[in-house]
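S.K.: Here is a sequence with its predicted model. Questions after.
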Amino acid sequence: MVSTRLAILWALCAGGAALAMTQAAEVPQLNVKLGLWEVTTHPQVNGNLPITEEQLQKLPRISAPNSKPRCKRQSRAGRNRACSRNA
């Protein structure tokens, strides 16, 4: 019983000390104007790719020129679920 009271007293003292320390610390006043945080962008697009022609040639091709007929044949046969029905 005594140890419980001592623990409660210690917790109250620690909490009070922590509260006193936070109240004693000076809180800096921030001079923030809300309008300064607004960002406006003006994108300009000119049609040129942002990569060089050499880098473009290194990219893997997404679809081969003959993939559409092959995809249709495989879709009709039910063998290729990755091809869409409209391909």
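M.R.: Yes, it's here.
S.K.: Going by C-alpha atoms from here, please, whenever you check contacts or count neighbours.
M.R.: OK.
S.K.: Let me see the ranges of the helices in this protein.
M.R.: Under the criterion DSSP state H, the chain contains helices at 2-24, 53-58, 67-77.
S.K.: Distance of the spatially most central residue of the chain relative to residue 31?
M.R.: Central residue check for the chain by Cα atoms, centre = their mean: the C-alpha nearest the mean position is that of residue 39, 18.9 Å away. The spacing between residue 39 and residue 31, counted by Cα to Cα, to the nearest Å, is 19 Å.
S.K.: Next: residue 10.
M.R.: 40 Å.
S.K.: ok, the two, which is more surrounded?
M.R.: Legend: neighbour count by other Cα atoms under 10 Å for residue 10 and residue 31, higher for residue 10 (12 against 6).
S.K.: And that one, how far from residue 3?
M.R.: The gap separating residue 10 from residue 3 is 10 Å, by Cα to Cα.
S.K.: From the chain's centroid, how far away is stretch 53-69?
M.R.: 30 Å (Cα atoms, centre = their mean, to the nearest Å).
S.K.: Just the buried residues of it, please?
M.R.: Residues of stretch 53-69 include none that count as buried (16 or more other Cα atoms under 10 Å).
S.K.: Tabulate the CA atom coordinates of it in PDB.
M.R.: Extracted in PDB, the C-alpha atoms of stretch 53-69 (Å, rounded to 0.1, in the frame of the first residue of the first chain):
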ATOM      1  CA  GLU A  53      17.200  10.000 -79.800                       C
ATOM      2  CA  GLU A  54      19.900   7.600 -78.600                       C
ATOM      3  CA  GLN A  55      18.100   7.100 -75.300                       C
ATOM      4  CA  LEU A  56      14.800   6.600 -77.100                       C
ATOM      5  CA  GLN A  57      16.300   3.800 -79.300                       C
ATOM      6  CA  LYS A  58      17.600   2.000 -76.100                       C
ATOM      7  CA  LEU A  59      14.000   1.800 -74.700                       C
ATOM      8  CA  PRO A  60      12.300  -1.600 -75.200                       C
ATOM      9  CA  ARG A  61       9.500  -1.600 -77.700                       C
ATOM     10  CA  ILE A  62       6.100  -1.900 -76.100                       C
ATOM     11  CA  SER A  63       4.500  -3.800 -79.000                       C
ATOM     12  CA  ALA A  64       6.000  -5.200 -82.200                       C
ATOM     13  CA  PRO A  65       4.500  -4.200 -85.500                       C
ATOM     14  CA  ASN A  66       3.100  -7.700 -86.000                       C
ATOM     15  CA  SER A  67       1.700  -8.100 -82.500                       C
ATOM     16  CA  LYS A  68      -1.800  -7.000 -83.300                       C
ATOM     17  CA  PRO A  69      -2.700  -9.800 -85.700                       C
END
